[in-house]
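Visitor: here is my input, please return the structure:
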Amino acid sequence: MKFILLFGPQAVGKMTIGHELETLTDLKLFHNHMTIELVKPFFDFGTPSFHRLVKLFRNEIFKEVANSDLSGMIFTYVWAFDQQEDWDFVESVCATFKEKGAEIYFVELEATPEERLKRNVTPHRLEHKATKRNVAQSEKNLRETMEQYRLNSYEGEITQQNYIRIDNTKLTAEEVAIKIKNEFNL
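Guide: As a prediction, the model looks like this:
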């Protein structure tokens, strides 16, 4: 089994690349908004109930996949490197898969703020992420988190053996997916 953590700032292209990678491999995509969109109609983002349910659903899916005969999973995540709880979450998710003998791969994406603002309103993103359809609010959130959190790692901060960092500002999702597939021989 393989577990790919595909991470980077909002609107960097994680889900779109994940969809492309899913078509090139036999890995299943679990993008982080799948649970967000499930819980959001019931509880507001940031509330204790929202966080508890998103965490619960994600962890249960991780456990089931890790215990299954699936080839593996691609999971997308916005990792705030200056937040210990995000480090703890990543460690916990990886441990769920490692305990079952899975190979773990880290793929970090980065793109310019200007490119991310363009991608924030693409039809593919808006189709799959209902909570991003209020474009003004989504852009406001994107700009605020750029200032509030560190959403890309420092050089050498990620020590995972299977790690690649890709600046995909000028690359298509297909080009990045092919690069990931080839890098890790998926």
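
Visitor: ok, residue 65 - contacts?
Guide: Applying Cβ atoms under 8 Å, 6 or more residues apart in numbering to residue 65 gives the contacts 1, 28, 30, 72-73. For glycine as for every other residue, the C-beta is placed from the backbone atoms N, C-alpha and C.

Visitor: nope, residue 115 is what I was after
Guide: Residue 115 neighbours (Cβ under 8 Å, 6+ apart): residue 169.

Visitor: that one - that's part of a helix, no?
Guide: Yes - the assignment for residue 115 is a helix, going by DSSP: H, G, I helix; E, B strand; the rest coil.

Visitor: for residue 169, see how far away it is.
Guide: 5 Å (Cβ to Cβ, to the nearest Å).

Visitor: got it, and residue 25?
Guide: 24 Å.

Visitor: what residues does the least confident helix or strand in the chain by mean pLDDT touch?
Guide: Scoring the helices and strands of the chain by mean pLDDT, DSSP states H and E places helix 123-128 at the bottom, with a mean of 72. With contacts defined as Cβ under 8 Å, 6+ apart, helix 123-128 is touched by 11, 15-16, 19, 31, 33, 119, 132-133, 135.

Visitor: what of stretch 70-84?
Guide: 1-10, 14-15, 18, 21-22, 25-32, 62, 65, 86-87, 89-90, 93, 102-103, 145, 149-154, 157.

Visitor: quick check: end-to-end length of it?
Guide: 31 Å (Cα to Cα, to the nearest Å).

Visitor: strands of this structure, start to end?
Guide: 2-7, 28-30, 72-77, 103-110, 163-167 (DSSP state E).

Visitor: quick one: strands adjacent to the shortest one?
Guide: If I follow you right, that is strand 28-30. strand 72-77 (parallel) (DSSP bridges).

Visitor: and the partner strand, which residues are buried?
Guide: Within strand 72-77, the residues that qualify as buried are 72-77, counting by 16 or more other Cβ atoms under 10 Å.

Visitor: likewise stretch 66-86?
Guide: Neighbour counts over stretch 66-86 (16+ other Cβ under 10 Å) mark 66, 72-81, 86 as buried.

Visitor: stretch 164-176 too?
Guide: The neighbour-count check on stretch 164-176 (16+ other Cβ under 10 Å) flags 164, 166, 168-169, 171, 173, 176 as buried.

Visitor: residues making contact with it?
Guide: Defining contact as Cβ under 8 Å, 6+ apart, one finds that stretch 164-176 is touched by 12-13, 16-17, 19-20, 106-112, 115, 153, 158, 179-180, 183-184.

Visitor: what's the spacing between the residue sitting nearest the centre point of the chain and residue 70?
Guide: By Cα atoms, centre = their mean, the chain has its centre lying nearest to residue 76, at 1.6 Å. From residue 76 across to residue 70, the span is 17 Å (Cβ to Cβ).

Visitor: which helix in this protein has the most residues?
Guide: The residue-count maximum for a helix in the chain (DSSP state H) belongs to helix 48-66.
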